[in-house]
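1. Give me a 3D structure for the following:
(one chain, ligands or ions: 1)
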Amino acid sequence: MRAAAGKVYIVGAGPGDPELISVKAMRRIGLADVILYDRLVNEELLAYARPGAELVYCGKAPNAHAMPQEKINAALVAYARQGKTVVRLKGGDPFVFGRGGEEALELAEHGIEWEIVPGITSAIGAAASAAIPLTHRGKAASFACVTGNRCHGDQEPVRWDLLAHSVDTLAIYMGVSQLAVIRGELLKHGKVASTPVAIIEQGTTSRQRVITGTLADIHKLAISFKVVNPALIIVGEVVKVREQLLLAEQQAEAWVM
Ligand code: SAH
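-> The predicted model follows:
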């Protein structure tokens, strides 16, 4: 079979702040004939598309459904077969809860050239922006990126029992609606109730909010602060470093004044 002329770049747009995209990703955006982009992509980045490039929104519009994954896969194949340079632009990193692997497989199966351009995943971006180091000498030697949306349903459940003991910092994606269940699982499997927790809403953007508490109260705080998606949950002693940093900053400011 002759390889199609077009190529698909599966590109990470970074966690929200448009400046956190890579140079490589920007160059691919500037080259594309068509860009298929997700809801979590900062739309400011589309300004770097070349004039006349076709922009296709694949996220969920108000009162409408998101484009189903099969339709996105089919569109990627169809555009590439037309000989187009395609950018599939995704929030964060395409290979971290981004379904980039499924899209790459589909392209590979159809003999279409593809390339992954990594992005800063939201755990890394949001943690940095909230002043929470994911590892920290004396507090955390490991971290895990975990999905929070496998608490129900027929998918393999997340092993909260193992995570509670074997990883120092948990960065939980898609966990806001399941926060009470996740917290319950961690407590049930032996995490202490005083374990610090942070929720970072819209991390790295101008609308970022950071809510901190402990496993004892974080689910109640999330409700009273009306936390909405996208938000990342960080569980672990490293959350305390944020408090240290903020305090040190305040003290430094007080000295200057
Ligand atoms: N591929 C993406 C993740 C997509 S899953 C990445 O690498 O970041 C969607 C989840 O990512 C959201 O439910 C939320 O938990 C997290 N997320 C994405 N953008 C975020 C942001 N700006 N702030 C906090 N969490 C974010």
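2. use CA for all of it now, contacts and neighbours both
-> Noted.
3. show me where this protein has strands.
-> Per DSSP state E, the chain carries strands over the ranges 7-12, 34-37, 54-57, 85-90, 113-117, 143-147, 169-173, 196-201, 209-214, 231-235.
4. Can you pull out the residues in contact with the third one?
-> Same thing as strand 54-57. 33-39 (Cα atoms under 8 Å, 6 or more residues apart in numbering).
5. cutoff 7 Å now
-> 33-38 (Cα atoms under 7 Å, 6 or more residues apart in numbering).
6. mind showing which ranges of this protein have poor pLDDT?
-> Scanning the chain for pLDDT under 70 picks out 1-4, 61-63, 151-154, 257.
7. Kindly report the domain assignment for it.
-> Domains of the chain are assigned by automatic domain parsing as 7-117, 122-244.
8. could you redo those as CSV and give each row mean neighbour count and distance to residue 250?
-> As requested, these are exported to CSV (neighbours: other Cα atoms under 10 Å; distance: least, Cα to Cα, whole Å):
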stretch, mean neighbour count, distance to residue 250
domain 7-117, 18, 25
domain 122-244, 18, 10
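9. Same list, these, but as CSV with distance to the ligand please.
-> Formatted as CSV, the domains of the chain follow (distance: least, Cα to the nearest ligand atom, whole Å):
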stretch, distance to the ligand
domain 7-117, 3
domain 122-244, 3
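10. Of all the ones you listed, which one comes closest to residue 256?
-> Residue 256 sits nearest to domain 122-244 of all the domains of the chain, at 18.4 Å, using Cα to Cα.
11. Just the residues contacting stretch 38-52, thanks.
-> By Cα under 7 Å, 6+ apart, the list of residues contacting stretch 38-52 reads 13, 16, 18, 29-32, 57-60, 89-91.
12. Let me have the domains of the chain in TSV, extended by distance to residue 255.
-> Output for the domains of the chain, formatted as TSV (distance: least, Cα to Cα, whole Å):
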stretch	distance to residue 255
domain 7-117	31
domain 122-244	16
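13. closest one to residue 253 among these?
-> domain 122-244 (14.2 Å).
14. picking that back up, which among the contacts of stretch 38-52 gets closest to residue 111?
-> residue 32 (19.5 Å).
15. Tell me how far residue 57 lies from residue 75.
-> Separation of residue 57 from residue 75 (Cα to Cα, to the nearest Å) stands at 12 Å.
16. What of residue 67?
-> 10 Å.
17. repeat for residue 200
-> 33 Å.
18. got it, and residue 256?
-> From residue 256 to residue 75 the distance is 57 Å (Cα to Cα).
19. Over to residue 19?
-> Taking Cα to Cα, one finds residue 19 at 28 Å from residue 75.
20. now residue 114
-> Residue 114 is 14 Å from residue 75, by Cα to Cα.
21. Of all the strands of the chain, which one is nearest residue 103?
-> Nearest to residue 103, of the strands of the chain and by Cα to Cα, is strand 7-12 at 8.2 Å.
22. Give me the contact list for the closest one.
-> Residues outside strand 7-12 that contact it (Cα under 7 Å, 6+ apart): 25, 80, 84-94, 100, 112-119.
23. and if you look at stretch 136-146?
-> With Cα under 7 Å, 6+ apart as the test, stretch 136-146 has contacts from 134-135, 167-173, 237-238.
24. Repeat the analysis, applying 6 Å as the threshold.
-> 135, 167-172, 237 (Cα atoms under 6 Å, 6 or more residues apart in numbering).
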